[in-house]
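Undergrad: dropping the sequence and predicted coords here.
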Amino acid sequence: QVLLTESGGGLVQAGDSLRLSCAASGRTFTSYTMGWFRQAPGKEREFLAAISWMGGNPHYSDSVKGRFTISKDNAKNTVYLQMDNLKPEDTAVYYCAEQFQLGYNAASFGYWGQGTQVTVSS
């Protein structure tokens, strides 16, 4: 069983950048598509980005395309989410997860980490 641990969140101002990390332990995820999601209070978990096991073909939601970049380092068993030009509406708990069926939604991913809080002040 894989354990995913997110880190890198914090309190920043609008326009700042953050890089989130998702470290996997228990087994390697080199054969899986990994994704990032976020959940704001009172809202559903929202898909942000995913990357294939080869590191190619990243897929983004329209809400973050052009501002967020997903990448992975298989040697470190870590997935990253570079977030630039952050906005107050990006405030949420950010999660990484592993895809187990086709689809870019929360129901298609599993092994959720505990999340990392990102707060963007205006």
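TA: Thanks, I have it.

Undergrad: spit out the contact partners of the residue nearest to Gln1 when sequence neighbours are not counted.
TA: Nearest residue to Gln1, sequence neighbours excluded (CB to CB, 6 or more residues apart in numbering): Gly26, at 5.4 Å. Heads up, the C-betas are built off the backbone N, CA and C, glycines and all. For Gly26, the contacting residues are Gln1, Val2, Leu3, by CB atoms under 8 Å, 6 or more residues apart in numbering.

Undergrad: how many residues are close by the first one?
TA: By that I understand Gln1. By other CB atoms under 10 Å, 6 other residues sit near Gln1.

Undergrad: show me what contacts it?
TA: Going by CB under 8 Å, 6+ apart, Gln1 touches Gly26, Arg27, Tyr111.

Undergrad: between these, which is nearest Gly35?
TA: Looking at the contacts of Gln1 and their distance to Gly35, the nearest is Tyr111, at 10.7 Å (CB to CB).

Undergrad: isn't the closest one right up against Glu98?
TA: Yes. The pair Tyr111 / Glu98 is scored as a contact, 4.7 Å apart, by CB atoms under 8 Å.

Undergrad: got any residues that touch both of these two?
TA: Listed as contacting both Tyr111 and Glu98 by CB under 8 Å, 6+ apart are Val2, Leu4.

Undergrad: show the pLDDT at the nearest residue to Gly9 once chain neighbours are set aside.
TA: In this structure, Gly9 finds its nearest non-sequential neighbour in Thr116, 3.5 Å apart by CB to CB, 6+ apart. Per-residue pLDDT puts Thr116 at 98.
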